[in-house]
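Colleague: how would this look folded up:
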Amino acid sequence: MKTYLFACVHNAGRSQMAAAWLEHLADPAEARAISAGTQPGTRVHPEVASAMREVGIELEGRLPQRLTDELAAGATMLITMGCGDECPVVPGVRRDDWPLVDPKGKSIEEVRQIRDDVRARVEALISSENVALREGAR
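Modeller: Predicted coordinates for the structure are as follows:
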């Protein structure tokens, strides 16, 4: 089982979308997603929840969580979301950074573009990591 840890500062937008896409697209027997932040917000940004709902993924009930050493333990890879110097580092874990715009406060059109960019990056990650797709994933 591969574990992908998606992290940003507030864990209320980009990392939530990335984790949700991985859960939606990857075979759950092969990969799982964790989403966390260094300074978690109180909820997923409403504009992010709306954009994801448009593609059939519900984020409304998810709560941002703090990135801890315990949460990061055993992660196969840490993917940060363009948070610059505020991005976390987990010693001993492979890391990639996806330079994504923060969707907070953006128009729904801008959030849709970010959502679609995140999906494309998750699809590329699944392919490069040789993770099977979930049956029926689209």
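Colleague: tell me which residues in the lowest-mean-pLDDT helix or strand in the chain are buried?
Modeller: Using mean pLDDT, DSSP states H and E, helix 69-72 stands out as the lowest-scoring helix or strand of the chain, at a mean of 87. Buried residues in helix 69-72, defined by neighbour count with 16 or more other Cβ atoms under 10 Å: Leu71, Ala72. For glycine as for every other residue, the C-beta is placed from the backbone atoms N, C-alpha and C.
Colleague: Surely Val55 touches Arg115?
Modeller: Yes - contact criterion Cβ atoms under 8 Å: Val55 and Arg115 qualify, at 7.2 Å.
Colleague: Looking at these two, which is more packed in?
Modeller: Counting neighbours by other Cβ atoms under 10 Å for Val55 and for Arg115 shows that Arg115 has the greater number, 25 against 14.
Colleague: what kind of secondary structure is the more buried one in?
Modeller: helix (DSSP: H, G, I helix; E, B strand; the rest coil).
Colleague: Just the pLDDT for the residue lying closest to it once chain neighbours are set aside.
Modeller: Residue nearest to Arg115 in three dimensions, not counting chain neighbours: Ala51, with 4.7 Å by Cβ to Cβ, 6 or more residues apart in numbering. What the model reports as pLDDT for Ala51 is 98.
Colleague: contacting residues around Ala51?
Modeller: Pro103, Ile108, Val111, Arg112, Ile114, Arg115 (Cβ atoms under 8 Å, 6 or more residues apart in numbering).
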